[in-house]
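Chemist: After the sequence you'll find the predicted model.
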Amino acid sequence: MLFSCGLRKVSQFPAKISLWVSLFCLFAPVAQSQNLDYTSWLEQVKTEALERGIKQEIIKSVFKGVKPIKRVLKKDRNQSEFKLTLDIYLRRVVTEKNVKRGKVMAKSHQKTLKMVYERYGVAPRVILAIWGIETRFGLVKANIPLIPSIVTLAYDKRRSKYFRAQLFSVLEMLNRGYIEQTSLFGSWAGAMGQPQFMPSSYLAYAQDFDGDGRRDIWNSVPDVLASIANYLAQHHWRRNRIWGREIKIPINYSKNLYPLNRRVTRGCRAKASAPKKLINWHREGIRMADGNPLPKVDISGVIVQPDGTKGRSFLTYNNYAAILSYNCAHLYGITVGIFSDYLGKR
């Protein structure tokens, strides 16, 4: 039986058959892309885009002259979150200058942050920490053309399935008129705007908080803050709960934790210990960083060691998993937590 993987074509089959066709189509584009030269692969993408309902003029304009970029692949293989130690990463991000600017931003946008907190329940200091880490509170402007970067990573074998989905999300953004093609700039990995949302995240979580009819994560601070908060809230952030804390563990205790085989959150490879109630961690000798007992709160936590057994240890809670959903790397998650703690201090 011959069939097309376009959404409209799949829907033409009877329900039982279309289920199998859909499953085939979920994996087929990735498998096919491994064996096609770039020109053939791009034609396949154009065909699928048309079947998805993307306007012909958008397809023609977007892909005109687009070629894979080697430096994008080089950056993809050398991401800092997977190369640095926690202390080095912290020194780069949680600087006196960044903390000072973060507190200025907290004061300048106090009213908006309060309204965002009331709606989404996410602590302002955490929103500010992510904003600060991603683009230094909007100071860093991404200037890399988005389409060539995403096309490069979609054609590359390593994460072709993920970035192919991002590519179609960008096309959908253009198709719906959310942004003009001339404004499509981002990071080398396709992250956009001040919160550095991937295209699929933009479609799912970006907010129009200033009420101007646009979800402008590039220029509108209210939209930026609300979009970050909505992302965390939709990933199960719990109101009035902290992300975690640094802890002290008994000598040689790490052997009781390893091998770490529990993913902190779904779809994330970052590993942690099995969860235990705080009272049980206390009974095993776990203490706060200053040596004081853990708080008597009926919640569970998991232990995270970003640098392995010889590095610092942290007891993290459910909200930490929400942070990792934003960027699945312990160096990132712990840095957001520590940065937010600094921003929360008076």
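Modeler: Sure, I can see it. None of these values were measured; they are calculated from a predicted model.

Chemist: and the protein, what are its domains?
Modeler: 7-65+143-190, 244-316 (automatic domain parsing).

Chemist: Over stretch 302-314, what's the mean pLDDT, rounded is fine.
Modeler: Mean pLDDT, stretch 302-314: 94.

Chemist: Buried residues, that stretch. List them.
Modeler: By 16 or more other C-beta atoms under 10 Å, the buried positions in stretch 302-314 come out as 302, 303, 304, 305, 306, 307, 312, 313, 314. From N, CA and C alone the C-beta is placed, and that goes for glycine too.

Chemist: outside of that stretch, which residues touch it?
Modeler: 85-86, 244-249, 254-255, 257-258, 260, 262, 264, 270, 272-276, 281, 286, 315-316, 320, 330-331, 333-334, 337 (C-beta atoms under 8 Å, 6 or more residues apart in numbering).

Chemist: Now the terminal residues of that stretch, how far apart.
Modeler: Counting by C-alpha to C-alpha, to the nearest Å, you get 8 Å between the two ends of stretch 302-314.

Chemist: helix or strand right after whichever strand or helix holds residue 168?
Modeler: Under the criterion of DSSP states H and E, residue 168 resides in helix 160-175. Elements were assigned by DSSP H and E; along the chain past helix 160-175, the next helix or strand is strand 185-186.

Chemist: elements contacting the helix or strand just after that next one?
Modeler: Scanning forward in sequence from strand 185-186 by DSSP H and E, the next helix or strand is helix 199-205. Here helix 199-205 touches helix 160-175, helix 221-234, going by 3 or more C-beta pairs under 8 Å, 6 or more residues apart in numbering; DSSP states H and E.

Chemist: and the buried residues of stretch 302-314, which two are the farthest apart?
Modeler: 302 and 307 (16.4 Å; C-beta to C-beta).

Chemist: follow-up on the earlier one: going by mean pLDDT, which of the domains of the chain comes out lowest?
Modeler: Ranked by mean pLDDT, the domains of the chain end with domain 7-65+143-190 at the bottom, a mean of 81.

Chemist: can you give me the offset of that domain from its chain's centre?
Modeler: The chain centre lies 20 Å from the centre of domain 7-65+143-190; the measure is C-alpha atoms, centre = their mean, to the nearest Å.

Chemist: next one: stretch 232-242
Modeler: Computed by C-alpha atoms, centre = their mean, the chain-centroid distance of stretch 232-242 equals 15 Å.

Chemist: For it, buried residues please.
Modeler: 232, 233, 235, 237, 241, 242.

Chemist: and if you look at stretch 266-275?
Modeler: By 16+ other C-beta under 10 Å, the buried positions in stretch 266-275 come out as 268, 270, 271, 272, 273, 275.

Chemist: one step back: make JSON lines from the buried residues of stretch 302-314 and add secondary structure and distance to residue 216 to it.
Modeler: Listed next are the buried residues of stretch 302-314 as JSON lines, based on DSSP: H, G, I helix; E, B strand; the rest coil; distance: C-beta to C-beta, whole Å:
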{"residue": "302", "secondary structure": "strand", "distance to residue 216": "37"}
{"residue": "303", "secondary structure": "strand", "distance to residue 216": "40"}
{"residue": "304", "secondary structure": "strand", "distance to residue 216": "35"}
{"residue": "305", "secondary structure": "coil", "distance to residue 216": "39"}
{"residue": "306", "secondary structure": "coil", "distance to residue 216": "34"}
{"residue": "307", "secondary structure": "coil", "distance to residue 216": "38"}
{"residue": "312", "secondary structure": "coil", "distance to residue 216": "38"}
{"residue": "313", "secondary structure": "strand", "distance to residue 216": "41"}
{"residue": "314", "secondary structure": "strand", "distance to residue 216": "35"}
